[in-house]
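Peer 1: with the input below, show me the fold.
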Amino acid sequence: MATPTSKNISYTSRDFNTLRQSLIDYSKTYYPSTYNDFSPSSPGTMFIEMAAYVGDILNFYLDNQFQENFIQYARQSSNLYTLAYMLGYKPKVVSPATVELTLYQQVPAITSGSVQVPDFSYAMKLGSGATIGTSTNLDITFIVEDEVDFAYSSSSSPTEVQVYQLTGTQPSRYLLTKKALAFSATVKTKTVAVNSTQDFFTTTITDSNILGIQSIVDSNNNVYYEVDYLAQDMVLQSIQNTNTNDPNFSIDSQNVPFLLKLIQADRRFVTRFLNRGVLQIQFGSGTNNNEDEIITPNPDNVGLGLPFEQDKLTTAFSPTNFIFTDSYGTAPTAGSTLTITYLVGGGVGSNVNTGVLNTLNSGNLTFQNTNLNSTLANTIFNTFAVDNLQAATGGGDGDTANTIRMNSMAQFASQLRTVTKDDYIVRALSLPSRYGQIAKVLATPQLASQATSTEKITALDLYVLSYTRAKNLVTSPTALKNNLKTYLSQYRMINDTVNIKDGFVINIGVNFDIVLDSNTNSAAVIANCITYLQSYFQIDNWEFGQPINLKEITQGLDDVPGVQSVEKVEVVNLAGGNYSQYGYDINAATVNNMVYPSLDPSIFEVKFPNLDFKGRVVNI
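Peer 2: Residues are numbered from 1 along each chain as shown. Purely as a prediction, here's the structure:
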């Protein structure tokens, strides 16, 4: 009889059928006289199939658990989000739309000398955090980020003054106009009771379309600050530019109304999405007595005064370590109650059209001067109005699973640096969701002929586009580009010049002729061909500079059931009217069945998928 070590055992059998056959072969080989009834109804076959079933199930879960450890293959959302955070990428659940609002109010005229001028004592102020909505859709709300002061005018926030009403030949009313940035969101609040002091106290928020945390304050009025990592104890904070806060800069307060300061935050927290509907909040370890020098380089542990002549002058320290700490922050104390204010909203549906944001839902709208005529003040108060003269754009439905995978791997490769053009693309796509969303981005070195005398020839041009409510590509609004510029400033190298510009959209349509198989419904086949083209030209699949492969389209149409052959596939340019203003010579750009986009940064788009594909049945 063969010994166990000499038996031929197969280690590659993994599925049910292979395991079953391997067990039968094993029994026939090593136990030929013990058992030889392998009919489907025999008891031996039952036990063999049960063992094969268990082996199949165990192999399935083993493969699944191993697969979930790699972001390229993970399918469970909780694992996908966790792996993304491990690689330094923060997935976006949803992105808000941004828009520049125009706010109006009237003020009476007052005589100054011998001329009529606006009486700015009746100028109003709208506090930050005011909400603007529509008169038709109560679900869409936009939040004004900063306060709007009609009495204040500077190069960064000018107040436009126009004559609104004349009495005889003299002005009696003036119209004041201000601009303000707003983003689509709704404010919600949750309270959490802290029963005991815990290291790394953790709580969660469960809601849909969570944009992020606005503030966390405990019952003792202690403010907690959000940081990227709990080891980071310095945060950026803006303060009003006044002589009390900083006498050295208050002289320029008309052009710089706020100063950016670096402050130490003992009370801090981090956030992580566990899935699309759950946001986890984690606080510090509860101690602030640890020595920061454990991880922060200083003269004692870098190269001076080291015992035993140790030397770390050749060690590569990250410059950001100088603003990190080892204390991880202070945890909430027992018996306190946390008031968590967070934002929800956004999405593609928040990309509203022009002229619909016209209602002040809530906000602290007040006169700055209290010594006013009450009747006139009430009349002036009712003249306040708001409107959006441009459509809100930038709203998106968050990252798909494939987007999280690709951005996470790119994020890890870039290590938060912006050195190559691909680094800038990753950084632009990683713009925090509350500031809007860039739909398409292209980074190219600037041409020498386009560089000004003050720019380097090696400057980088960053071309961007955004989505409309219908998910069509449009020029990104100025507010969104300013947000991107500010965001990139903390990552770009000191000698880099980055110009954010508008990309170009080339709208196209496709005409095709097909020959049908016999006994097929022509309308159904044409509809299936159009469905294929709609999937092929889905805008998520297209990027700047991507050509159209006519041969690939022809092959795809040929594979549609009912199509015998494809006689013609023609790409046509659609420009003017409801389409892009940019015309394009498709015939001249077609070489070897490839339609190439313009040398200018451009992208092909089918704007109306239900109208721009036209098919025709022809005879052989």
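
Peer 1: any low-confidence regions in the protein?
Peer 2: For the chain, the stretches with pLDDT under 70 are 1-6, 137-138, 155-156, 236-262, 287-327, 413-417, 432-436, 447-458, 469.

Peer 1: if you count neighbours, what's buried in stretch 151-165?
Peer 2: 151-153, 157, 159, 161, 164 (16 or more other C-beta atoms under 10 Å). For the C-beta atoms, the positions are set from N, CA and C on the backbone; glycine is no exception.

Peer 1: please save the CA atoms from it in CSV.
Peer 2: Below are the C-alpha coordinates for stretch 151-165, written out as CSV (Å, rounded to 0.1, in the frame of the first residue of the first chain):
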residue,chain,number,x,y,z
ALA,A,151,-20.9,99.3,2.4
TYR,A,152,-17.6,97.7,1.7
SER,A,153,-15.8,97.9,-1.6
SER,A,154,-12.4,96.7,-2.7
SER,A,155,-10.6,95.3,-5.7
SER,A,156,-11.5,91.8,-4.5
SER,A,157,-15.1,92.6,-3.6
PRO,A,158,-16.2,95.7,-5.4
THR,A,159,-19.6,97.3,-4.8
GLU,A,160,-21.1,98.6,-8.1
VAL,A,161,-23.2,101.7,-7.9
GLN,A,162,-25.9,102.7,-10.4
VAL,A,163,-28.6,105.3,-10.5
TYR,A,164,-31.9,103.4,-10.0
GLN,A,165,-34.5,106.2,-9.8
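
Peer 1: other residues contacting it?
Peer 2: Outside stretch 151-165, the residues within contact range by C-beta atoms under 8 Å, 6 or more residues apart in numbering are 106, 118, 120, 123, 125, 149-150, 171-179, 254-257, 368.

Peer 1: which of the three states applies to the residue lying closest to Tyr35 once chain neighbours are set aside?
Peer 2: Computed as C-beta to C-beta, 6 or more residues apart in numbering, the closest residue to Tyr35 that is not its neighbour in sequence is Gly44, at 5.3 Å. Put simply, Gly44 is helix when judged by DSSP: H, G, I helix; E, B strand; the rest coil.

Peer 1: quick one, what contacts Gly44?
Peer 2: 27, 35, 37-38.

Peer 1: hang on, the earlier thing: let's have the buried residues of stretch 151-165 in a markdown table, adding distance to Leu533 and secondary structure.
Peer 2: A markdown table is the format used below for the buried residues of stretch 151-165 (distance: C-beta to C-beta, whole Å; DSSP: H, G, I helix; E, B strand; the rest coil):
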| residue | distance to Leu533 | secondary structure |
| --- | --- | --- |
| Ala151 | 56 | coil |
| Tyr152 | 54 | coil |
| Ser153 | 53 | coil |
| Ser157 | 47 | coil |
| Thr159 | 51 | coil |
| Val161 | 53 | strand |
| Tyr164 | 53 | strand |
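
Peer 1: just those now: which is nearest Asn17?
Peer 2: Lowest distance from Asn17 to those (C-beta to C-beta) belongs to Ser157, with 72.6 Å.

Peer 1: any idea how far that closest one is from Thr486?
Peer 2: Counting by C-beta to C-beta, to the nearest Å, the separation of Ser157 from Thr486 is 16 Å.

Peer 1: try Leu19
Peer 2: 60 Å.

Peer 1: neighbour-wise, which of these two wins?
Peer 2: Leu19 (21 against 11; other C-beta atoms under 10 Å).

Peer 1: got TSV for the buried residues of stretch 151-165, with distance to Asn578 too?
Peer 2: Listed next are those as TSV, based on distance: C-beta to C-beta, whole Å:
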residue	distance to Asn578
Ala151	42
Tyr152	40
Ser153	38
Ser157	35
Thr159	36
Val161	36
Tyr164	35
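
Peer 1: need the max-distance pair from those residues.
Peer 2: Across those, the two lying at the largest distance from each other (C-beta to C-beta) are Ser157 and Tyr164, at 20.8 Å.

Peer 1: can you give me the strands in the stretch 451-600 of the chain?
Peer 2: Counting by DSSP state E, counting those that start in this stretch, the stretch 451-600 of the chain has strands at residues 460-467, 473-474, 498-502, 504-516, 548-549, 563-573, 590-591, 594-595.

Peer 1: same check, this time on the stretch 251-400 of the chain
Peer 2: 258-264, 268-275, 278-283, 337-344, 359-362, 365-367, 385-387.

Peer 1: nearest to Ala527, out of those strands?
Peer 2: strand 268-275 (36.4 Å).

Peer 1: just checking, what packs against the closest one?
Peer 2: Judged by 3 or more C-beta pairs under 8 Å, 6 or more residues apart in numbering; DSSP states H and E, the packing partners of strand 268-275 are helix 77-86, strand 210-218, strand 223-226, strand 278-283.

Peer 1: ok, back up a step: quick one: closest of the strands of the stretch 451-600 of the chain to Gln72.
Peer 2: Counting by C-beta to C-beta, and looking across all of these, nearest comes strand 548-549 at 25.8 Å.

Peer 1: ok, back up a step: next, work out how far apart the residue nearest to Tyr35 and Ser33 are.
Peer 2: Distance from Gly44 to Ser33, by C-beta to C-beta: 14 Å.

Peer 1: likewise for Lys481?
Peer 2: Taking C-beta to C-beta, one finds Lys481 at 83 Å from Ser33.

Peer 1: can you pick out the residue with more neighbours from those two?
Peer 2: Ranked by neighbour count (other C-beta under 10 Å), Lys481 and Ser33 place Lys481 first, with 19 against 5.

Peer 1: give the burial count for the closest residue in space to Thr497 that isn't next to it in sequence, as a bare number.
Peer 2: Nearest residue to Thr497, sequence neighbours excluded (C-beta to C-beta, 6+ apart): Ala459, at 3.7 Å. Using other C-beta under 10 Å, Ala459 has 17 other residues around it.

Peer 1: so Ala459 makes contact with Val498?
Peer 2: Yes. Contact criterion C-beta atoms under 8 Å: Ala459 and Val498 qualify, at 7.2 Å.

Peer 1: quick one, domains of this protein?
Peer 2: Per the record, the chain has its domains at 11-67, 98-185+346-387, 186-290+325-344, 401-502, 505-617, by automatic domain parsing.

Peer 1: show me what contacts the closest residue to Phe504 other than its chain neighbours?
Peer 2: Nearest residue to Phe504, sequence neighbours excluded (C-beta to C-beta, 6+ apart): Ser602, at 4.0 Å. Taking C-beta under 8 Å, 6+ apart, we find Ser602 in contact with 503-506, 544-545, 582, 584.

Peer 1: from these, list the buried ones, please.
Peer 2: 503-506, 544-545, 584.

Peer 1: now those as TSV including distance to Val223?
Peer 2: Below are the buried ones among the contacts of Ser602 laid out as TSV (distance: C-beta to C-beta, whole Å):
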residue	distance to Val223
Gly503	41
Phe504	46
Val505	44
Ile506	50
Phe544	43
Gly545	47
Tyr584	54
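
Peer 1: ok, Ala265 - contacts?
Peer 2: Ala265 neighbours (C-beta under 8 Å, 6+ apart): 224-225, 227, 233-235, 329.

Peer 1: is Gln105 bridged to anything, and to what?
Peer 2: Taking DSSP bridges, one obtains Leu176 as the residues bridged to Gln105.

Peer 1: list the residues that contact it.
Peer 2: So Gln105 contacts 123-124, 150, 175-176, 380, 383-385 (C-beta under 8 Å, 6+ apart).

Peer 1: one more time with 7 Å
Peer 2: Residues in contact with Gln105 (C-beta atoms under 7 Å, 6 or more residues apart in numbering) are 124, 150, 176, 380, 383-384.

Peer 1: in helices, which of those appear?
Peer 2: Ile380 (DSSP state H).

Peer 1: would you mind giving the contacts of Gln105 as a markdown table with neighbour count and distance to Gly562 added?
Peer 2: Listed next are the contacts of Gln105 as a markdown table, based on neighbours: other C-beta atoms under 10 Å; distance: C-beta to C-beta, whole Å:
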| residue | neighbour count | distance to Gly562 |
| --- | --- | --- |
| Met124 | 22 | 66 |
| Phe150 | 24 | 65 |
| Leu176 | 23 | 65 |
| Ile380 | 21 | 69 |
| Thr383 | 16 | 64 |
| Phe384 | 16 | 62 |
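
Peer 1: sounds good, over and out.
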